[in-house]
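[1] Take this sequence and fold it.
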Amino acid sequence: MFWQRCRLNAALGSSLVLVGMFGLGATVVTAQEAAGPDSEAAVLPAVPEWTQGLQTLQIDDELFNEGLAYYLIRDQHAQVAIEINGPLTRLIATSSRAGGVLIGPFDADEVGADESPLVAGSIRIPAASLTTGTGQDRTLHSGMALDVANHTDIAFVFESAKTLGRKPGTLADSTLFDLELQGSLIFKGKSVPLTVEAELTLMLSNETTFGSGFVGDVARLTGEFEVTVEQLGLVPRVAAFLGETAQVRFFLMFSTPDPERPIIPPSTPAAVSLQTRYRVSLRDRADAATAFAAGEQLLKAAWDDPGALVAFATSAAADTGLSRRFLGQAKRAAERVLVLGGDSPDPMALNVLARIAGTAGEVQQAIDLQTKAIELATHGRAARAKPIMQRDLALYEYMLAERKASEER
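    As a prediction, the model looks like this:
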């Protein structure tokens with residue numbers, strides 16, 4: 001049994017990950033479900049499911065009566081670093097795509113000296129989002145290591161949180177708690193016990209937090225701990241090559257706004273959720289089937305919503321980091337926007353169609369469409385995108401010139 005103590009520091013900043021939970025009232029995942037049909041079934045701690053948009057995790061309704069929900073902030077505020085120093089190699093894998101929730105007190109000042117400031121919580125990270133930035137990614141994601149095709153998420157479940165001490169935080173309207181968290185690391189159908197000494201800072205929304213770009217109240221939890229590479233699920237041959245232990249460094253930053261319920265509600269929340277699911281499935285999870293299904297559902301749900309359609313088409317055709325592009329869906333969405341626009345074609349839709357034509361080698365068609373898009377890009381989002389449209393037009397013109405020069409040679 002693994003028993004590792006680690007020190008976590010907390011105050012205001014960005015986030016890091018592995019994955020965690022304490023009693024969120026979620027679906028129980030068994031080892032057989034996590035590891036496959038041929039494994040022996042054993043009940044693991046319950047891990048909450050992702051929401052439809054894959055931005056955060058589901059919470060039982062009754063927990064909203066127990067305390068204030070803090071949602072893990074993703075991207076630059078959600079990072080994980082796993083470092084392994086072996087005899088012949090060094091591997092550092094990072095991710096910024098965790099999702100999670102903490103349930104904290106409605107008022108931190110009312111938490112007693114012996115009471116825990118954490119009622120419940122959970123954090124997960126898609127295993128496929130861990131990358132090295134080098135050629136090691138294929139091995140890291142393969143069946144010899146994380147096996148992301150069969151084991152999509154890593155989870156860390158806290159079963160209890162004990163307060164060891166508390167004091168005012170270094171920033172205004174903040175309270176710092178020394179905690180002892182007990183829980184389990186869950187991956188590949190196995191559960192590894194952990195005890196973690198942690199510092200948690202809860203901060204009320206004020207000029208300092210808002211000026212730093214945070215909306216709502218804020219919670220921060222950071223630190224590092226050590227596990228063996230075998231506990232991360234690496235096969236013995238790979239584990240022997242990498243070494244015996246892995247250092248996990250994380251910084252968790254939470255705020256109270258729900259990422260799937262924007263402060264300014266979109267005209268079609270269902271379409272926004274589906275578009276997010278589409279993008280996350282391709283960027284973080286390498287799950288083309290789920291992404292394609294979400295795209296088809298979005299096209300149906302937003303068929304008469306030009307704003308949602310052009311946003312989806314632009315994302316599908318131009319977003320960076322997607323593992324695959326379904327340009328047929330993007331084309332259907334953009335063409336539908338033009339139909340809905342009638343005599344006033346949307347320049348962003350024309351821009352998408354130009355990109356699709358250029359990708360297909362229809363360079364002259366791409367030039368014609370892009371030229372028209374630039375002419376119409378006089379205001380709003382299209383005007384802001386005009387420099388990019390002009391850059392793309394120059395690329396298409398260069399491609400056409402090269403083609404003609406090659407034909408003449």
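[2] Look up how far Asp217 lies from the nearest residue to Gly169 once chain neighbours are set aside.
    Spatial nearest neighbour of Gly169, chain neighbours left out: Leu176 (4.6 Å); criterion: C-beta to C-beta, 6 or more residues apart in numbering. All C-beta spots, glycine's among them, are computed from the backbone N, C-alpha and C. For Leu176, the distance to Asp217 (C-beta to C-beta, to the nearest Å) stands at 15 Å.
[3] One more: Leu353?
    Distance from Leu353 to Asp217, counting by C-beta to C-beta: 44 Å.
[4] Likewise for Leu88?
    Leu88 is 47 Å from Asp217, by C-beta to C-beta.
[5] Ala383 now?
    In terms of C-beta to C-beta, Ala383 sits 36 Å off from Asp217.
[6] between those two, who's got more neighbours?
    Set side by side, Ala383 and Asp217 show more neighbours around Asp217, with 21 against 13, by other C-beta atoms under 10 Å.
[7] pretty sure the more buried one is touching Leu68, no?
    Yes - taking contacts as C-beta atoms under 8 Å, Asp217 lies within contact range of Leu68: 6.7 Å.
[8] where do the contact lists of those two overlap?
    Shared contacts of Asp217 and Leu68 (C-beta atoms under 8 Å, 6 or more residues apart in numbering): Thr256.
[9] In this structure Val218 contacts Met253, no?
    Yes - counting by C-beta under 8 Å, Val218 touches Met253, with 7.3 Å between them.
[10] For whichever strand or helix holds the residue nearest to Gly169, list every residue counted as buried.
    Here Leu176 sits within strand 174-187, counting by DSSP states H and E. For strand 174-187, a neighbour-count test (16 or more other C-beta atoms under 10 Å) marks Ser174, Thr175, Leu176, Phe177, Asp178, Leu179, Leu181, Gly183, Ser184, Leu185, Ile186, Phe187 as buried.
[11] CA atoms only: put it into PDB for me.
    Provided in PDB are the C-alpha atoms of strand 174-187 (Å, rounded to 0.1, in the frame of the first residue of the first chain):
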ATOM      1  CA  SER A 174      -8.800  35.800   2.500                       C
ATOM      2  CA  THR A 175      -8.400  32.900   5.000                       C
ATOM      3  CA  LEU A 176      -5.800  30.200   4.900                       C
ATOM      4  CA  PHE A 177      -6.400  26.700   6.200                       C
ATOM      5  CA  ASP A 178      -3.900  24.000   7.000                       C
ATOM      6  CA  LEU A 179      -5.500  20.700   6.000                       C
ATOM      7  CA  GLU A 180      -4.900  17.000   6.100                       C
ATOM      8  CA  LEU A 181      -6.600  15.400   3.100                       C
ATOM      9  CA  GLN A 182      -7.000  11.600   2.800                       C
ATOM     10  CA  GLY A 183      -8.000  10.000  -0.400                       C
ATOM     11  CA  SER A 184      -7.000   7.800  -3.300                       C
ATOM     12  CA  LEU A 185      -5.300   8.100  -6.700                       C
ATOM     13  CA  ILE A 186      -7.600   6.300  -9.200                       C
ATOM     14  CA  PHE A 187      -6.300   5.200 -12.600                       C
END
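[12] now the closest residue to Asp304 other than its chain neighbours: how far from Trp303?
    Distances taken as C-beta to C-beta, 6+ apart place Leu340 nearest to Asp304, at 6.9 Å, with adjacent residues excluded. Distance, Leu340 to Trp303, by C-beta to C-beta: 9 Å.
[13] who's in contact with the residue nearest to the spatial centre of the chain?
    Against the mean C-alpha coordinate of the chain, by C-alpha atoms, centre = their mean, the closest residue is Arg97 at 2.9 Å. Residues near Arg97 by C-beta under 8 Å, 6+ apart: Arg74, Asp75, Ala78, Ile125, Pro126, Ser129, Val280, Arg283, Asp284.
[14] Out of those, which end up buried?
    With burial judged by 16+ other C-beta under 10 Å, the buried subset of those is Arg74, Ala78, Ile125, Pro126, Ser129, Val280, Arg283, Asp284.
[15] for the lengthiest strand in the chain, the distance to its chain's centre please.
    For the chain, the strand with the greatest residue count under DSSP state E is strand 153-168. Computed by C-alpha atoms, centre = their mean, to the nearest Å, the chain-centroid distance of strand 153-168 equals 22 Å.
[16] Against which helices or strands is it packed?
    Strand 153-168 is packed against strand 21-22, strand 120-126, strand 174-187, strand 190-203, with contacts defined by 3 or more C-beta pairs under 8 Å, 6 or more residues apart in numbering; DSSP states H and E.
[17] next helix or strand past the last one?
    The first helix or strand that comes after strand 190-203 along the chain, using DSSP H and E, is helix 207-211.
[18] tell me the angle the next helix or strand after that next one makes with strand 190-203.
    Sequence-wise, the next helix or strand downstream of helix 207-211 (DSSP H and E) is strand 218-228. Angle of strand 218-228 versus strand 190-203, following axes from the mean of the first three to the mean of the last three C-alpha atoms, to 10 degrees, is 150 degrees.
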